[in-house]
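**Q** Based on what follows, work out the 3D shape:
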Amino acid sequence: MGKSEIGKKGEDIAVKFLKEKGYEILLRNYRYSRGEIDIIAKDPDDGFTVFVEVKTRKNLNFGEPEYAITTGKQKQVKKIAELYLYEKKIYEIDCRFDVIAIILEDENNPQITHYVNAFM
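**A** You can find the predicted model right below:
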(Lines give C-alpha, C1' and ligand atoms only; values in the text may rest on other atoms or scores of the structure.)
Protein backbone atom coordinates (compact mmCIF):
# COMPACT_ATOMS: atom_id res chain seq x y z
CA MET A 1 0.00 0.00 0.00
CA GLY A 2 1.50 3.32 -1.11
CA LYS A 3 1.56 6.54 0.90
CA SER A 4 -1.48 8.07 -0.86
CA GLU A 5 -3.43 4.80 -0.45
CA ILE A 6 -2.66 4.78 3.27
CA GLY A 7 -3.77 8.43 3.54
CA LYS A 8 -7.03 7.74 1.67
CA LYS A 9 -7.77 4.67 3.79
CA GLY A 10 -7.10 6.71 6.93
CA GLU A 11 -9.47 9.45 5.78
CA ASP A 12 -12.18 6.87 5.03
CA ILE A 13 -11.74 5.41 8.53
CA ALA A 14 -11.86 8.92 10.06
CA VAL A 15 -15.09 9.77 8.18
CA LYS A 16 -16.73 6.53 9.38
CA PHE A 17 -15.52 7.24 12.94
CA LEU A 18 -16.91 10.79 12.91
CA LYS A 19 -20.25 9.69 11.42
CA GLU A 20 -20.58 7.06 14.17
CA LYS A 21 -20.12 9.88 16.70
CA GLY A 22 -22.95 11.81 15.00
CA TYR A 23 -20.86 14.33 13.05
CA GLU A 24 -22.21 15.63 9.77
CA ILE A 25 -19.54 15.48 7.07
CA LEU A 26 -19.74 18.75 5.14
CA LEU A 27 -16.79 18.27 2.79
CA ARG A 28 -13.77 16.06 2.14
CA ASN A 29 -10.45 17.11 0.67
CA TYR A 30 -11.12 20.84 0.39
CA ARG A 31 -8.26 22.19 -1.70
CA TYR A 32 -7.03 25.71 -2.08
CA SER A 33 -3.82 26.39 -3.98
CA ARG A 34 -1.30 23.84 -2.69
CA GLY A 35 -3.05 23.13 0.59
CA GLU A 36 -5.85 20.85 1.68
CA ILE A 37 -8.13 20.19 4.61
CA ASP A 38 -8.92 16.51 4.90
CA ILE A 39 -12.40 16.74 6.44
CA ILE A 40 -14.79 19.57 7.28
CA ALA A 41 -17.56 18.44 9.61
CA LYS A 42 -20.20 19.69 12.03
CA ASP A 43 -20.03 18.58 15.67
CA PRO A 44 -23.48 17.39 16.82
CA ASP A 45 -22.87 18.39 20.45
CA ASP A 46 -21.89 22.05 20.12
CA GLY A 47 -22.65 22.85 16.46
CA PHE A 48 -19.03 23.83 15.79
CA THR A 49 -17.65 23.56 12.29
CA VAL A 50 -14.62 21.29 12.66
CA PHE A 51 -11.60 21.31 10.36
CA VAL A 52 -10.05 17.86 10.71
CA GLU A 53 -6.49 16.90 9.84
CA VAL A 54 -6.04 13.12 9.49
CA LYS A 55 -2.64 11.47 9.90
CA THR A 56 -2.27 7.77 9.21
CA ARG A 57 0.66 5.42 9.64
CA LYS A 58 1.00 1.68 9.04
CA ASN A 59 3.14 1.31 12.15
CA LEU A 60 5.11 3.35 14.66
CA ASN A 61 8.51 3.04 12.92
CA PHE A 62 8.45 6.79 12.25
CA GLY A 63 6.70 7.76 15.48
CA GLU A 64 3.13 8.60 16.39
CA PRO A 65 1.17 10.01 13.40
CA GLU A 66 0.02 13.13 15.28
CA TYR A 67 3.63 14.32 15.64
CA ALA A 68 3.74 14.83 11.86
CA ILE A 69 1.48 17.87 12.33
CA THR A 70 4.10 20.54 12.64
CA THR A 71 3.58 24.21 13.46
CA GLY A 72 3.92 24.92 9.73
CA LYS A 73 1.20 22.39 8.90
CA GLN A 74 -1.06 23.92 11.56
CA LYS A 75 -0.58 27.39 10.02
CA GLN A 76 -1.36 26.00 6.56
CA VAL A 77 -4.57 24.30 7.77
CA LYS A 78 -5.69 27.50 9.55
CA LYS A 79 -5.04 29.57 6.40
CA ILE A 80 -7.01 27.17 4.21
CA ALA A 81 -9.85 27.16 6.77
CA GLU A 82 -9.96 30.96 6.58
CA LEU A 83 -10.08 30.78 2.77
CA TYR A 84 -12.89 28.20 2.96
CA LEU A 85 -14.95 30.45 5.24
CA TYR A 86 -14.26 33.48 3.02
CA GLU A 87 -15.16 31.56 -0.16
CA LYS A 88 -18.43 30.33 1.41
CA LYS A 89 -19.15 33.84 2.77
CA ILE A 90 -19.33 32.52 6.34
CA TYR A 91 -18.44 35.34 8.72
CA GLU A 92 -19.81 34.41 12.14
CA ILE A 93 -19.11 30.82 13.06
CA ASP A 94 -17.79 28.74 15.92
CA CYS A 95 -15.05 26.49 14.64
CA ARG A 96 -12.10 24.46 15.83
CA PHE A 97 -9.27 22.28 14.57
CA ASP A 98 -9.21 18.57 15.40
CA VAL A 99 -6.67 15.87 14.61
CA ILE A 100 -7.45 12.22 14.04
CA ALA A 101 -4.41 9.94 14.27
CA ILE A 102 -4.74 6.42 12.89
CA ILE A 103 -2.38 3.46 13.11
CA LEU A 104 -3.10 0.66 10.65
CA GLU A 105 -0.89 -2.15 12.00
CA ASP A 106 -4.03 -4.30 12.08
CA GLU A 107 -6.17 -3.01 9.21
CA ASN A 108 -9.26 -4.77 10.60
CA ASN A 109 -8.84 -3.02 13.94
CA PRO A 110 -7.17 0.38 13.41
CA GLN A 111 -6.08 2.43 16.42
CA ILE A 112 -7.92 5.77 16.28
CA THR A 113 -7.12 8.75 18.49
CA HIS A 114 -9.30 11.87 18.18
CA TYR A 115 -7.77 15.10 19.49
CA VAL A 116 -10.56 17.64 19.90
CA ASN A 117 -9.42 21.27 19.63
CA ALA A 118 -5.90 20.04 18.88
CA PHE A 119 -4.50 23.46 17.98
CA MET A 120 -5.56 27.09 17.82
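
**Q** Do a quick rundown of the helices in this structure.
**A** Here the chain has its helices, by DSSP state H, at 3-20, 71-87.

**Q** okay, those helices in TSV with mean pLDDT, distance to residue 105 and mean neighbour count next?
**A** To be clear about C-beta, it is placed using only N, CA and C from the backbone, and glycine gets the same treatment. Output for the helices of the chain, formatted as TSV (pLDDT from 0 to 100; distance: least, C-beta to C-beta, whole Å; neighbours: other C-beta atoms under 10 Å):
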stretch	mean pLDDT	distance to residue 105	mean neighbour count
helix 3-20	94	12	16
helix 71-87	95	24	15
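
**Q** Include distance to residue 59 when you put those helices into a markdown table, please.
**A** Shown next, in a markdown table, are the helices of the chain (distance: least, C-beta to C-beta, whole Å):
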| stretch | distance to residue 59 |
| --- | --- |
| helix 3-20 | 11 |
| helix 71-87 | 21 |
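
**Q** Quantify the burial of the spatially closest residue to residue 24 that is not a sequence neighbour by counting its neighbouring residues.
**A** Leaving aside its chain neighbours, residue 24 sits nearest to residue 42 (4.3 Å; criterion: C-beta to C-beta, 6 or more residues apart in numbering). Residue 42 is flanked by 16 other residues according to other C-beta atoms under 10 Å.

**Q** how close does residue 42 sit to residue 96?
**A** Counting by C-beta to C-beta, to the nearest Å, the gap between residue 42 and residue 96 amounts to 11 Å.

**Q** all strands for this protein, in order.
**A** 24-32, 35-42, 49-57, 95-103, 111-119 (DSSP state E).

**Q** Mind giving me the packing neighbours of the second one?
**A** So the one you mean is strand 35-42. helix 3-20, strand 24-32, strand 49-57, helix 71-87 (3 or more C-beta pairs under 8 Å, 6 or more residues apart in numbering; DSSP states H and E).
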